[in-house]
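**Student:** Below is the structure, and that's it, no one-letter string:
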């Protein structure tokens with residue numbers, strides 16, 4: 001038995017051990033430290049010639065995350081990107097290229113060991129099978145880096161004894177079997193870094209390269225995540241439209257939870273940069289969204305894409321940055337002088353006459369985005385104004401006429417009948433988009449004439465009639481991927497001497513060649529997947545992008561995760577405790593609460609006496625009390641003290657202030673009742689589910705639409721669990737972290753990282769967390785209050801129902817108090833929720849105030865909506881290749897825009 005001992009004080013360890021023994025070696029097995037770019041820095045060239053190389057590395061990833069391949073990739077990339085990527089790749093380019101060369105030949109030679117098996121791989125050892133067949137074991141403290149072998153003080157033992165070698169091999173084999181393969185994404189990132197270089201904006205000639213060059217090192221990608229294929233597919237579609245028409249006019253109608261904000265935000269960036277390349281002057285980009293979504297848009301743009309946007313603050317008349325700091329002077333005229341390239345404005349401000357609206361109308365825009373576009377529609381009913389444009393639709397048409405590119409976003413393009421689509425298509429058709437529906441005499445402007453054809457109800461059509469539909473707008477050859485249709489469009493243009501940019505012709509059908517007419521007649525008779533010609537070839541298909549969750553699940557692009565809906569006595573672990581807390585689906589309440597609720601309704605009646613404009617305000621106190629005792633008490637005390645309370649609706653910000661003695665008297669009675677309530681049943685239920693139902697073991701996200709309620713819940717949970725970290729994720733500068741009886745203000749990014757690394761098992765959040773927050777490490781969700789908006793509920797559950805979720809089903813608890821309007825709404829809502837895999841189905845995106853006013857007919861109104869939706873889906877929008885991005889994978893992009901240059905482009909204000 002021979003044991004040799006070495007010290008870096010007396011020997012060059014890399015030369016004495018590695019160089020001496022690896023030459024001509026048959027195999028190399030190594031228990032190393034962390035997986036870094038320097039893994040083969042010392043022995044790389046020699047390792048390339050060894051037939052068998054196996055290395056087990058350490059990676060600081062939670063065992064749950066390591067089990068899921070996609071999450072394993074994301075976590076490792078996120079850890080890699082914590083340091084300065086720019087400096088790291090510049091200084092270590094040769095190292096990355098060497099590592100890339102090795103991994104291309106021995107891709108599965110490296111595995112990463114899970115923390116639950118080994119923790120930190122502090123014990124370093126290896127076995128080399130020499131050229132003559134002998135085996136040599138070695139153990140020491142050095143990592144597989146140049147510093148470890150050459151610079152640090154290290155000690156090392158060589159052991160040739162059979163029992164010593166066998167012992168090391170046994171340890172190695174155990175770790176190797178427990179370890180996971182090095183993710184393919186890491187191997188690709190190694191290559192990208194080896195060839196990464198920063199380029200000037202003007203050096204990017206291919207439009208397909210703009211988005212990856214700008215975003216491959218954005219926060220989203222640095223965290224290890226990426227845009228989903230269908231999100232990149234939307235960018236590809238925008239580029240295709242830009243190439244075909246020179247402008248982009250698209251309606252994105254993806255179902256809720258598929259990330260429309262990121263899709264449109266990325267498209268906005270690409271179109272913005274394309275515009276800059278044309279040297280035509282930097283035109284403003286504006287995003288219009290409901291007041292409740294403006295901050296979410298701003299947060300997601302900066303947190304995910306690294307794009308700074310300004311948000312117009314309606315009350316103060318200033319532009320705010322993402323940290324709620326004023327970045328412009330105050331004044332209505334400032335709305336036309338946004339200090340950043342992209343401005344976000346509330347649609348509510350555009351739904352009434354205002355000076356701000358007039359100032360915006362004086363601008364020409366490079367891009368207009370309208371989110372929740374279905375709110376721009378023709379007036380309903382049978383009155384004298386039925387069928388006329390509502391304020392938002394009228395504004396949207398005007399602003400679209402003043403913009404080059406227009407993107408509309410909505411999850412519900414059809415509200416009650418297929419004709420609703422014409423309102424949205426009419427917006428796209430304005431100004432430079434006047435080719436969308438054809439000339440003023442084209443039949444596509446009239447739903448009653450073309451709906452039977454595009455819905456498939458009518459198939460047979462005479463060629464001459466069909467020609468009238470086809471010639472305006474005349475499809476471009478590149479507008480379809482169907483080869484027969486492309487041939488037809490090409491023949492038509494050749495016959496009539498039209499270039500591929502012309503969007504219509506007045507020439508009669510008889511001027512087409514006999515061959516082209518025959519092809520046209522064949523196409524009219526041919527069906528593809530049961531769809532006739534005009535069902536698959538029409539302006540709606542060309543300008544609407546619609547992806548459905550079920551289809552993406554079938555394609556394997558989304559995980560199929562079920563949702564168990566609570567409260568449900570059948571699902572309760574402790575039925576006795578459940579019966580104490582709940583009566584059916586509602587929480588039991590006290591006489592004091594019921595009296596307080598009655599006073600809240602009395603306050604609403606007092607408010608309604610103000611007359612016109614009191615509509616939403618009369619429900620404010622009722623909704624606050626239904627949220628939590630704390631929110632109700634805080635609101636009532638604020639109003640009684642003479643201060644105002646602001647409330648954001650979908651359309652505007654409403655300010656409420658007490659202005660009558662009757663209102664004050666009711667508030668005093670209300671406050672008196674609320675002060676008598678010692679325990680809020682919503683806290684009791686939350687604690688019961690966290691403890692008795694064991695939800696805390698899965699991790700929980702707890703949502704409220706009100707900051708007062710979220711703050712109260714976080715405070716109470718922090719008192720109950722002083723030894724546990726509790727997070728409060730809220731709007732700008734209001735997030736907090738609790739532990740050991742204290743709390744500190746904290747950045748949202750820190751909370752997100754703590755959740756991602758399993759350092760935070762309970763997070764309380766306002767709806768500011770609804771968009772762009774990945775919470776797949778949490779397995780349960782509690783809605784403290786019920787927004788009268790099923791879309792919001794679906795957005796909330798989408799935070800945990802995503803890739804990386806280790807549970808095959810998640811749990812959602814909805815808390816409402818008995819004998820309240822919330823109980824009645826939820827009762828009717830839950831009756832109409834679908835199976836646990838398609839929970840929300842065709843529920844309306846918002847439960848309308850007038851439905852609430854007559855609660856007895858709420859179920860009937862919802863059924864009318866669902867039936868209309870079911871009928872409308874008979875007119876099913878088929879969209880070809882809608883989830884397919886370009887063939888180039890963004891992860892391979894090695895030529896990148898510097899973040900500094902990118903920021904400078906996005907900080908150019910409106911002129």
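**Tutor:** Received it, and whenever you're ready, just let me know what you need. Keep in mind the model is a prediction, meaning the values are calculated, not measured.
**Student:** Could you use CA atoms for every contact and neighbour count after this?
**Tutor:** Will do.
**Student:** phi, psi of residue 312?
**Tutor:** Residue 312 has phi and psi values of phi -80, psi 120 when expressed as degrees, to the nearest 10.
**Student:** give me every residue that touches it.
**Tutor:** 318, 319, 320, 335, 343, 344, 345, 346 (Cα atoms under 8 Å, 6 or more residues apart in numbering).
**Student:** For the residue lying closest to it once chain neighbours are set aside, what is the enclosing helix or strand?
**Tutor:** Distance criterion Cα to Cα, 6 or more residues apart in numbering; nearest residue to residue 312, sequence neighbours excluded, is residue 319 at 4.5 Å. Element membership for residue 319, per DSSP states H and E: strand 318-320.
**Student:** average pLDDT for the helix or strand following that strand?
**Tutor:** Later in the chain than strand 318-320, the nearest helix or strand by DSSP H and E is strand 342-346. Across strand 342-346, pLDDT averages out at 96.
**Student:** Over to stretch 78-90?
**Tutor:** Stretch 78-90 comes out at a mean pLDDT of 75.
**Student:** can you check stretch 693-713 too?
**Tutor:** So the average pLDDT for stretch 693-713 ends up being 94.
**Student:** So for it, what gets flagged as buried?
**Tutor:** For stretch 693-713, a neighbour-count test (16 or more other Cα atoms under 10 Å) marks 693, 695-696, 698-713 as buried.
**Student:** Next: stretch 330-350.
**Tutor:** 332-350.
**Student:** Name the helix or strand of the protein that has the lowest mean pLDDT.
**Tutor:** Of all helical and strand segments in the chain, the minimum by mean pLDDT, DSSP states H and E falls on helix 63-67, at a mean of 55.
**Student:** hmm, back to that, how about the contacts of residue 312 in CSV, adding distance to residue 775?
**Tutor:** CSV is the format used below for the contacts of residue 312 (distance: Cα to Cα, whole Å):
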residue, distance to residue 775
318, 33
319, 31
320, 28
335, 36
343, 28
344, 26
345, 28
346, 28
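**Student:** So which of these is the closest to residue 627?
**Tutor:** Closest to residue 627 out of the contacts of residue 312 is residue 346 (25.0 Å), distances taken as Cα to Cα.
**Student:** is it true that the closest one touches residue 294?
**Tutor:** Yes. Taking contacts as Cα atoms under 8 Å, residue 346 lies within contact range of residue 294: 6.5 Å.
**Student:** Common neighbours of those two, please.
**Tutor:** residue 288.
**Student:** so where's the stretch 551-700 of the chain shaky on pLDDT?
**Tutor:** Within the stretch 551-700 of the chain, the stretches with pLDDT under 70 are 611-616, 648-653.
**Student:** what about the helices in it?
**Tutor:** Counting by DSSP state H, counting those that start in this stretch, the stretch 551-700 of the chain has these helices, from start to end: 575-581, 591-608, 620-627, 629-640, 661-675, 681-691.
**Student:** what's the first one packed up against?
**Tutor:** In other words, helix 575-581. helix 681-691 (3 or more Cα pairs under 8 Å, 6 or more residues apart in numbering; DSSP states H and E).
**Student:** Other residues contacting the helix or strand following the helix it packs on?
**Tutor:** Tracing the chain past helix 681-691, the next element assigned as helix or strand by DSSP H and E is strand 700-703. Under the contact criterion Cα under 8 Å, 6+ apart, strand 700-703 has outside partners 690, 710, 761-767, 778-785, 796.
**Student:** just to revisit the earlier point, distance to residue 135 for the helices of the stretch 551-700 of the chain - can I get that in JSON lines?
**Tutor:** Formatted as JSON lines, the helices of the stretch 551-700 of the chain follow (distance: least, Cα to Cα, whole Å):
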{"stretch": "helix 575-581", "distance to residue 135": "64"}
{"stretch": "helix 591-608", "distance to residue 135": "79"}
{"stretch": "helix 620-627", "distance to residue 135": "70"}
{"stretch": "helix 629-640", "distance to residue 135": "71"}
{"stretch": "helix 661-675", "distance to residue 135": "79"}
{"stretch": "helix 681-691", "distance to residue 135": "55"}
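**Student:** where along the stretch 101-250 of the chain do the strands fall?
**Tutor:** For the stretch 101-250 of the chain, the strands defined by DSSP state E, counting those that start in this stretch occupy 110-113, 124-129, 135-140, 155-159, 180-181, 197-199, 249-252.
**Student:** Can you add distance to residue 6, mean pLDDT and mean neighbour count and give those back as CSV?
**Tutor:** Below are these laid out as CSV (distance: least, Cα to Cα, whole Å; pLDDT from 0 to 100; neighbours: other Cα atoms under 10 Å):
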stretch, distance to residue 6, mean pLDDT, mean neighbour count
strand 110-113, 27, 83, 25
strand 124-129, 14, 90, 22
strand 135-140, 9, 88, 21
strand 155-159, 5, 84, 19
strand 180-181, 32, 82, 18
strand 197-199, 41, 90, 16
strand 249-252, 66, 96, 26
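**Student:** In a markdown table, list the ones you listed along with distance to residue 684.
**Tutor:** Listed next are those as a markdown table, based on distance: least, Cα to Cα, whole Å:
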| stretch | distance to residue 684 |
| --- | --- |
| strand 110-113 | 41 |
| strand 124-129 | 51 |
| strand 135-140 | 55 |
| strand 155-159 | 59 |
| strand 180-181 | 42 |
| strand 197-199 | 56 |
| strand 249-252 | 42 |
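**Student:** buried residues in stretch 196-209?
**Tutor:** Quick answer for stretch 196-209 (16+ other Cα under 10 Å): 196, 197, 201, 204, 207, 208, 209.
**Student:** so how far is the first residue of that stretch from its last?
**Tutor:** 14 Å (Cα to Cα, to the nearest Å).
**Student:** Run a quick neighbour tally on residue 171.
**Tutor:** 13 (other Cα atoms under 10 Å).
**Student:** ok, now which ones touch residue 406?
**Tutor:** 248, 249, 250, 367, 368, 369, 370, 400, 428.
**Student:** at 10 Å what do you get?
**Tutor:** 247-251, 268, 365-370, 396, 399-400, 427-430, 432-433 (Cα atoms under 10 Å, 6 or more residues apart in numbering).
**Student:** now residue 446
**Tutor:** Residue 446 neighbours (Cα under 10 Å, 6+ apart): 419, 422, 437.
**Student:** Now, the residues you listed that are in helices?
**Tutor:** Mapping those onto helices (DSSP state H) picks out residue 422.
**Student:** Go through the contacts of residue 446 and give me the one with the most neighbours.
**Tutor:** residue 437 (26 neighbours).
**Student:** Quick check: that one touching residue 425?
**Tutor:** Yes. Shown here, residue 437 and residue 425 form a contact pair, counting by Cα atoms under 10 Å, at 7.7 Å.
**Student:** right, and the strands of the stretch 101-250 of the chain - which one's nearest residue 81?
**Tutor:** strand 197-199 (16.2 Å).
**Student:** Distance from the chain centre to the closest one, please.
**Tutor:** In terms of Cα atoms, centre = their mean, to the nearest Å, the centre of strand 197-199 is found 28 Å from the chain centre.
**Student:** just stretch 795-803 next, same as before
**Tutor:** With Cα atoms, centre = their mean, you get 10 Å for stretch 795-803.
**Student:** That stretch - what's its average pLDDT?
**Tutor:** Here the average pLDDT along stretch 795-803 is 77.
**Student:** what would the contacts of residue 446 look like in a markdown table with distance to residue 561 and pLDDT?
**Tutor:** Shown next, in a markdown table, are these (distance: Cα to Cα, whole Å; pLDDT from 0 to 100):
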| residue | distance to residue 561 | pLDDT |
| --- | --- | --- |
| 419 | 34 | 82 |
| 422 | 35 | 93 |
| 437 | 40 | 95 |
